[in-house]
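>>> Pasting a predicted model and its sequence here:
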Amino acid sequence: MALKTLRKLRAATTTTTPKPPRAADGDVLLETVSLTKTYAGADGELPVLAGIDLQIRAGEVVAPLGKSGSGKSTLLRCLAGLIPASSGTISYRDQPLTGANPGSAMVFQTFALLPWLTVQQNVELGLEAQGVPADRRAEAAVQAIDLIGLDGFESAYPKELSGGMRQRVGFARALVVEPDVLMMDEPFSALDVLTAENLRGELMELWESGQFPTRAIVLVTHNIEEAVLMADRIVVLGSRPGTIKATFEVGLERPRDRNAPAFEDLIDRVYRVMTGRAKETRIPGRPDGIELDKRTTANTPLPVASVDGLSGLAEMVAHRDGRCDLADLADDLGLEIDDVLPLVDALELLGFAKISDDDLLLTERGTAYAGADVQDSKTIFSEAALGTPLVKLITTSLRQNAEGTLRAGFFRDLLAHHYTSEQVTQQLETATDWGRYAELYAYDADPQEYRLDNGGVTPAPQS
C-alpha cells in the first residue's frame, strides 16, 4: 500500500522531464565499456580502474567485491555520474552518461545526514532538489519512511537515532525518488553485527516482496559473505589498477542458508579468486608471485596491518599447532574473513606464514616469532621488516644521511609517484608502526621527521 501511494505521489509531482517507463527484468540499465579512471599523481596519472566492461540489468543485485584499493567505490561513483570516466564509456538506458545519473540514488556508509534536519526533512531532500512542491514531497517522504520501517520517527533528529535507524533514513531518502538503480557503498560496515544483519534481512525481504521502488541494486562491499548473501551476481575486482578478475552468478534461492554446502562452497571459490590463491603460486614473503629481488615500493605495498594485530594472529595460529582454517579462525574471532586478510597478507609478506588451500600455516620464522619473548621478537621482526621495500627504503635512506634524519615529506613525494594521497598516508602509517616496533627508526610527529633509532635493533640491510 505504501509503495502504491508513493508512486501516485511521485507521478503527481513530476515537474521536469518524465521518468522513463519501468524496465523489465533483464533490460540493461547501466553499462560500462572499457572504463578507465585515473587520478593525478606526482609522476603523471595514477590508474585506479582499467578496462571495466560491466552491465547492470533490471531485476538483479550486483555486488562489486574487492580489497581496499581495488577501485570498487570509484566504480560506483562513476556509475552514479558523480565522477567522470577518464576514458571508455558509461551509458544509462543506452544514453551516454555526461553528468549525474538521473536514474540512480546513493546510500553511503557514513549515513551522510544533515544533523539540523529532522528525519522527514532529510528524506525530502532529493524531492526538494527535483522541485517537488512541499505538500507533495512531505506526503511522499512519509510513505517512504513507512516503507523502510521508520514511521513514528518523522520529527526526530539524527542525534536521537541509533546507527541502524540513521542508515534507514539514508535508505528512505534514496528510495523516495524511486531510482532505477540503488547504489550502496558498504552501507552496513559502520553498523554493529546484529544491526547490520537485521537491516540486510529487511532490505532483502523488501526486494523479494515486489515493494522495492527500484529495479536494480549495486552493492559495493569488501565482505565476501555479505556479497554471497545478497547478490545475484558478484564481480570480483583486482587491485592496482582495478580490473574484473572474475564474475560469479550466485544462483541460490532466497532467503539463503549460510550453513548450506552450496553457500559455503561459493564463499570459498570467491575467496580464492579475491586473494589470488586459487593455486599454490604464492611464496611466503613474495606478494602475488613477485620475486624477492624485484620487489619495490611500487609493486609491493604494505598491508594495512598493525604490529599488535599481526603478532596476535601469529600467536593464535601457533596455539593451534601452527595451522588453522582461515574461515574458522575469523568465525572464532567474530570477524568477517576479509577483515583478517590484511593481517594474513602481512604475515606472508614478512615470511611468517603461507597459505595452503584455505589454511594459514606458520613458517619456521613465524613460529619462532610467535613464541619469542619481547626482545627476541623485535629482532626477528626487524630482520623480516627490512625485507619489505618501504621499511628498507626508510631505513637505508636514514643510514645514508649524515644526520640520520629525514622529513616525512621526502618519502611522501617518492610514494606519490605510485599511490594516491590516501594510500600514501596508509603506507607511511604502517611503515612507521613497523619501523618503530623493530627499533629501526623513530618518528617525531611535530616536525614530521624520521630519525635512526641508534639504541635499537640494527641488523644489516638485506640485499
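On my side now, so go ahead. Numbers count the residues shown, from 1 in each chain.
>>> tell me, how many neighbours does residue 403 end up with?
Neighbourhood size, residue 403 [other Cβ atoms under 10 Å]: 8. Yep, even glycine has a C-beta here, placed from its N, CA and C like the rest.
>>> For it, give me the pLDDT.
Note on residue 403: pLDDT of 85.
>>> Centre of the chain to the helix or strand hosting residue 248, how far?
Assigned by DSSP states H and E, residue 248 belongs to strand 244-249. In terms of Cα atoms, centre = their mean, to the nearest Å, the centre of strand 244-249 is found 17 Å from the chain centre.
>>> Need the contact partners of it.
The contact list for strand 244-249 (Cβ atoms under 8 Å, 6 or more residues apart in numbering) reads 52-54, 232-238, 266, 269-270, 273-274.
>>> Repeat that for stretch 307-315.
Here stretch 307-315 has contacts from 340, 343-344, 346-347, 350, 352-353, 362, 366, 369-370, 377, 381, 433-434, 437, using Cβ under 8 Å, 6+ apart.
>>> Let's verify the residue with the largest distance to the centre of the chain: helix, strand, or coil?
Distance to the chain centre peaks in the chain at residue 402, reaching 41.8 Å (criterion: Cα atoms, centre = their mean). At residue 402 the chain is in coil, as set by DSSP: H, G, I helix; E, B strand; the rest coil.
>>> do you know how far it is from residue 452?
11 Å (Cβ to Cβ, to the nearest Å).
>>> Would you mind identifying the next helix or strand past the helix or strand bottoming out on mean pLDDT in the chain?
The least trusted helix or strand in the chain, going by mean pLDDT, DSSP states H and E, turns out to be helix 2-12, with a mean of 46. Per DSSP H and E, the first helix or strand lying C-terminal to helix 2-12 is strand 28-41.
>>> in that following strand, what's buried?
For strand 28-41, the neighbour count (16 or more other Cβ atoms under 10 Å) marks 29-32, 35-38, 41 as buried.
>>> Describe which strands that strand pairs with in its sheet and in which direction.
Using DSSP bridges, the strands paired with strand 28-41 are strand 44-57 (antiparallel), strand 87-92 (antiparallel).
>>> which stretch in those is the model least sure about?
Lowest mean pLDDT within the strands paired with strand 28-41: strand 44-57, a mean of 87.
>>> can you pull out the helices in the stretch 301-450 of the chain?
Counting by DSSP state H, counting those that start in this stretch, the stretch 301-450 of the chain has helices at residues 307-318, 326-333, 337-349, 364-371, 374-385, 389-400, 408-415, 421-437.
>>> Residues contacting the longest one, please?
The reference is to helix 421-437. Helix 421-437 is contacted from outside by 69, 297, 301-307, 378, 381, 385, 388, 390-391, 394-395, 408, 411-412, 415-416, 419, 441-443, 450, 453, using Cβ under 8 Å, 6+ apart.
>>> at 7 Å what do you get?
Here helix 421-437 makes contact (Cβ atoms under 7 Å, 6 or more residues apart in numbering) with 69, 301-302, 304-307, 378, 381, 385, 390-391, 394-395, 408, 411-412, 415-416, 419, 441-443.
>>> Quick check: buried residues in it?
Neighbour-count burial for helix 421-437, counted by 16+ other Cβ under 10 Å, picks out 423-424, 426-428, 430-437.
>>> Turn the residues you listed into JSON lines, columns for pLDDT and distance to residue 119.
Shown next, in JSON lines, are the buried residues of helix 421-437 (pLDDT from 0 to 100; distance: Cβ to Cβ, whole Å):
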{"residue": "423", "pLDDT": "82", "distance to residue 119": "36"}
{"residue": "424", "pLDDT": "87", "distance to residue 119": "39"}
{"residue": "426", "pLDDT": "88", "distance to residue 119": "35"}
{"residue": "427", "pLDDT": "91", "distance to residue 119": "40"}
{"residue": "428", "pLDDT": "92", "distance to residue 119": "41"}
{"residue": "430", "pLDDT": "92", "distance to residue 119": "40"}
{"residue": "431", "pLDDT": "92", "distance to residue 119": "44"}
{"residue": "432", "pLDDT": "91", "distance to residue 119": "42"}
{"residue": "433", "pLDDT": "90", "distance to residue 119": "41"}
{"residue": "434", "pLDDT": "92", "distance to residue 119": "45"}
{"residue": "435", "pLDDT": "90", "distance to residue 119": "48"}
{"residue": "436", "pLDDT": "89", "distance to residue 119": "46"}
{"residue": "437", "pLDDT": "87", "distance to residue 119": "46"}
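>>> biggest separation within the residues you listed, which pair?
For the buried residues of helix 421-437, the farthest-apart pair by Cβ to Cβ is 423 and 437; their separation is 21.7 Å.
>>> Extract the residue ranges of this structure that are flagged as low pLDDT.
Residue ranges of the chain with pLDDT under 70: 1-19, 23, 41-44, 275-293, 336-338, 357, 454-463.
>>> which residues does residue 344 contact?
Taking Cβ under 7 Å, 6+ apart as the contact definition, residue 344 lies against 326, 360.
>>> Distance of it relative to residue 372?
Distance of residue 344 to residue 372, given as Cβ to Cβ: 20 Å.
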